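> Predicted model and sequence follow; I will ask about them next.
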Amino acid sequence: MDLSEKILKLKKEKKAVILAHNYQRSEIQEIADYVGDSIELSRKAAQEKDAEMIVFSAVDFMAESAAILNPNKKVLLPCLGARCPMAQMLTVDEIKRAKTKYPNAPVVLYVNTLASCKAHCDVCCTSANAVEVINSLDAETILFGPDKNLAEYVSEKTGKTLIPIPENGFCPTHLLFQPEDVTVLKMEHLDATVMVHPECSTEMRKVADYVGSTSKMCRFAKESNAQTFIVGTEEGILHRLRKENPEKKFYLAYEEAICPNMKLTTLDRLYTSLKEEKNVVKVPEVVAKKARASLERMFEV
């Protein structure tokens with residue numbers, strides 16, 4: 001019995017559900033019950049009425065969201081070192097300072113934030129629904145954190161003023177993508193359609209044919225008539241794109257665009273976490289209650 005088989009057997013015994021983000025290693029995606037973006041996965045977990053445990057193969061803030069939305073389930077993060085650098089860029093103190101400066105501006109936080117920060121916002125959003133969330137607010141000036149590039153993208157789409165908190169929050173992996181890399185690839189693949197994540201720079205978004213979240217990219221690739229794609233997001237998504245579209249070709253806009261934190265989840269670590277029920281993610285109830293409200297408001301939109 002190989003390790004994957006051992007994990008699947010153990011999962012069944014413990015009534016666990018395994019969730020894997022689109023950026024996870026291919027072997028992790030293959031054994032997961034669900035593969036998707038962070039909130040998609042948390043909602044899936046909430047729908048798993050018979051599951052008693054969630055193994056969230058991703059980074060810290062995603063496992064926290066799962067714990068917040070599923071208070072009666074045990075949530076495990078296979079590797080405690082899997083932390084999102086962008087989420088660490090925003091602090092509660094920074095939110096409080098911004099609210100003092102703009103007392104009438106609602107606070108919208110990208111789900112890529114820690115639970116402590118979610119407890120201090122009005123509503124959360126994902127890269128998939130950020131435009132809808134901002135449009136739903138009766139305000140023209142909005143505090144938005146922590147990704148400056150996503151804030152710029154949403155501002156372009158809505159015409160509203162988004163003030164980024166912190167001033168220059170970013171995803172280190174998405175910042176690796178540069179438009180000249182796309183130019184070179186387009187010379188080799190003349191008919192390629194370029195799709196990039198809104199966490200990419202303004203310059204990258206300008207050379208894209210399509211800008212969207214990982215879930216929207218997967219949908220777009222499936223529905224598009226294009227046969228060749230240049231992809232501007234973390235390398236892990238290629239496994240899902242190729243699996244769902246075996247007749248199409250996908251090329252990463254920059255081959256070294258790998259999130260080291262997402263890749264910290266391995267089969268060994270997942271097996272150990274599940275077997276020993278270690279790395280349990282817990283959010284203090286006073287924080288979870290407020291953070292849950294901001295997530296639920298997002299779902300209502």
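The structure has been received and is ready for your questions.

> Which stretches in the stretch 151-300 of the chain count as helices?
Ranges of helices within the stretch 151-300 of the chain are 179-188, 202-206, 214-223, 237-244, 267-276, 285-300, based on DSSP state H, counting those that start in this stretch.

> what does the stretch 1-150 of the chain give?
3-13, 26-31, 38-47, 60-69, 85-88, 92-101, 115-118, 130-135, 148-158.

> just checking, what packs against the last one?
Of the remaining helices and strands, those touching helix 148-158 by 3 or more C-beta pairs under 8 Å, 6 or more residues apart in numbering; DSSP states H and E are helix 130-135, strand 141-145, strand 161-164, helix 202-206. The C-beta positions use only the backbone N, C-alpha and C, and glycine is treated the same way.

> what about the stretch 201-301 of the chain, any weak spots by pLDDT?
Scanning the stretch 201-301 of the chain for pLDDT under 70 picks out no residues.

> May I see the helices of the stretch 1-150 of the chain organised as CSV, with mean pLDDT and distance to residue 181 added?
Formatted as CSV, the helices of the stretch 1-150 of the chain follow (pLDDT from 0 to 100; distance: least, C-beta to C-beta, whole Å):
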stretch, mean pLDDT, distance to residue 181
helix 3-13, 96, 34
helix 26-31, 98, 23
helix 38-47, 79, 27
helix 60-69, 93, 28
helix 85-88, 97, 22
helix 92-101, 98, 33
helix 115-118, 98, 33
helix 130-135, 97, 25
helix 148-158, 98, 17
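
> In TSV, list those along with mean neighbour count and distance to residue 182.
Formatted as TSV, the helices of the stretch 1-150 of the chain follow (neighbours: other C-beta atoms under 10 Å; distance: least, C-beta to C-beta, whole Å):
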stretch	mean neighbour count	distance to residue 182
helix 3-13	14	36
helix 26-31	19	24
helix 38-47	21	26
helix 60-69	26	28
helix 85-88	20	23
helix 92-101	14	33
helix 115-118	24	33
helix 130-135	20	23
helix 148-158	21	16
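
> quick one, which of the helices and strands packed on helix 148-158 is packed in tightest?
Burial of those is given as mean neighbour count (mean count of other C-beta atoms under 10 Å); strand 141-145 ranks first at a mean of 23.

> Not counting its own residues, what contacts that strand?
Strand 141-145 has contacts (C-beta atoms under 8 Å, 6 or more residues apart in numbering) with 90, 94-95, 98-99, 102, 104-110, 113, 117, 134, 150-151, 154, 160-166, 169.

> and the angle for it with helix 92-101?
170 degrees (axes from the mean of the first three to the mean of the last three C-alpha atoms, to 10 degrees).

> What strands line up against strand 141-145, and which way round?
strand 107-110 (parallel), strand 161-164 (parallel) (DSSP bridges).

> Now render these as a markdown table, adding mean pLDDT and distance to residue 225.
What follows is the strands paired with strand 141-145, written out as a markdown table (pLDDT from 0 to 100; distance: least, C-beta to C-beta, whole Å):
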| stretch | mean pLDDT | distance to residue 225 |
| --- | --- | --- |
| strand 107-110 | 98 | 32 |
| strand 161-164 | 98 | 34 |
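
> of all those strands, which lies closest to residue 288?
strand 107-110 (15.2 Å; C-beta to C-beta).

> For the closest one, give me every contacting residue.
So strand 107-110 is contacted by 90, 95, 98-99, 117-118, 120-127, 130, 133-134, 137, 142-147, 150, 294 (C-beta under 8 Å, 6+ apart).

> ok so, going back, tabulate the helices and strands packed on helix 148-158 (TSV), appending distance to residue 175.
Shown next, in TSV, are those (distance: least, C-beta to C-beta, whole Å):
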stretch	distance to residue 175
helix 130-135	18
strand 141-145	17
strand 161-164	15
helix 202-206	9
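
> Quick check: which of the ones you listed is nearest to residue 285?
Nearest to residue 285, of these and by C-beta to C-beta, is strand 141-145 at 24.0 Å.

> Just give me how far that closest one sits from the chain centre.
19 Å (C-alpha atoms, centre = their mean, to the nearest Å).
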